[in-house]
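**Q** got a structure for you, letters missing:
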Ligand code: SF4
């Protein structure tokens with residue numbers, strides 16, 4: 001199979017992506033793009049990424065060449081507990097056949113990296129994602145964010161941590177995204193997601209943004225929340241919306 005160029009929401013520093021694993025991911029994250037509607041419309045895709053975890057043998061014929069940064073297993077989690085050791089070893093060995101590339105692995109079970117550190121190509125980058133500091137058992141079956149953090153903290157390897165999608169963080173540790181003096185953040189209770197809706201130079205302008213955007217949805221007992229947050233991450237004003 002030819003090596004695919006990286007596309008979609010993949011990191012812009014990754015040039016290519018490749019998957020050897022078929023079957024559905026154990027972690028079953030509610031926001032998983034593999035389960036998104038676009039993919040559901042493709043029957044071949046659904047077949048390939050449904051059912052038990054398996055190796056797709058023809059993928060081991062893929063020539064990785066050189067000079068690329070390749071994300072391995074972008075459609076699954078290679079280090080999930082249900083992926084047999086021998087599958088991981090074979091995939092790592094395939095990567096090692098092409099040593100003049102950088103390989104990127106990302107898992108929500110980074111504690112399992114340790115078992116394979118001697119087999120992972122030296123020119124690799126190991127990552128995880130931490131979407132929230134809160135309990136996310138209603139969103140994903142993956143190990144908790146705390147477990148991931150603890151594993152990544154002691155991992156001695158070239159590594160990275162992403163926060164995507166950003167779910168609801170406690171405000172004290174929420175990564176501030178706004179550049180202006182005040183950010184207007186929407187906390188969506190139903191999706192358990194947080195996003196920067198807009199930003200403003202002054203508090204008054206930030207308030208106007210909220211009034212204009214939400215108008216009569218503002219209420220004292222709405223489930224969703226909109227916060228105006230200053231540059232230091234302090235919540236200056238909270239609005240409830242329904
Ligand atoms: S770990 Fe990744 S591939 Fe697996 S379900 Fe979650 S988002 Fe999808």
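**A** Good, I have the coordinates. Since this is a predicted model, take the numbers as computed values, not measurements. Numbers count the residues shown, from 1 in each chain.
**Q** Around the ligand, which positions in this protein sit nearby?
**A** Residues of the chain found near the ligand (C-beta under 6 Å from any ligand atom) are 25, 27, 28, 29, 32, 34, 76, 77, 108, 140, 142. Every residue, glycine included, has its C-beta placed from N, CA and C.
**Q** at 5 Å instead, please
**A** 25, 27, 29, 32, 77, 108 (C-beta under 5 Å from any ligand atom).
**Q** How about the contacts made by the third one?
**A** By that I understand residue 29. With contact set as C-beta atoms under 8 Å, 6 or more residues apart in numbering, residue 29 has these partners: 108, 139, 140, 141, 142.
**Q** So among those, which ones count as buried?
**A** For the contacts of residue 29, a neighbour count by 16 or more other C-beta atoms under 10 Å gives the buried set as 108, 139, 140, 142.
**Q** related to what we said a few turns ago, tell me which of the contacts of residue 29 is nearest to the ligand?
**A** Using C-beta to the nearest ligand atom, residue 108 comes nearest to the ligand of the contacts of residue 29, at 4.7 Å.
**Q** Which members of the buried ones among the contacts of residue 29 are the farthest-apart pair?
**A** Greatest spacing in the buried ones among the contacts of residue 29, by C-beta to C-beta: 108 and 139 (11.2 Å).
**Q** For burial, what's the neighbour tally of the residue lying closest to residue 97 once chain neighbours are set aside?
**A** Leaving out its chain neighbours, the residue that sits closest to residue 97 by C-beta to C-beta, 6 or more residues apart in numbering is residue 64, at 7.4 Å. For residue 64, the neighbour count with other C-beta atoms under 10 Å is 19.
**Q** thought residue 64 was touching residue 96?
**A** No: between residue 64 and residue 96 no contact is recorded; they are 10.0 Å apart, counting by C-beta atoms under 8 Å.
**Q** The residues of the chain next to the ligand in helices, which ones?
**A** Cross-referencing these against helices under DSSP state H gives no overlap.
**Q** Pick out the lowest-pLDDT one from those.
**A** Taking these together, the minimum pLDDT is found at residue 32 (84).
**Q** which residues touch that residue?
**A** Residue 32 touches residue 25, counting by C-beta under 8 Å, 6+ apart.
**Q** how far away is it from residue 143?
**A** Separation of residue 32 from residue 143 (C-beta to C-beta, to the nearest Å) stands at 16 Å.
**Q** Next: residue 100.
**A** From residue 100 to residue 143 the distance is 33 Å (C-beta to C-beta).
**Q** Repeat that for residue 156.
**A** The value you get for residue 156 to residue 143, if C-beta to C-beta is used, is 20 Å.
**Q** So which bits of stretch 144-162 are buried?
**A** Applying 16+ other C-beta under 10 Å to stretch 144-162 flags 144, 145, 148, 151, 152, 155, 159 as buried.
**Q** Now the residue lying closest to residue 5 once chain neighbours are set aside, what are its backbone angles?
**A** Leaving aside its sequence neighbours, residue 5 sits nearest to residue 16 (C-beta to C-beta, 6+ apart; 5.9 Å). Main-chain dihedrals, residue 16, degrees, to the nearest 10: phi -140, psi 160.
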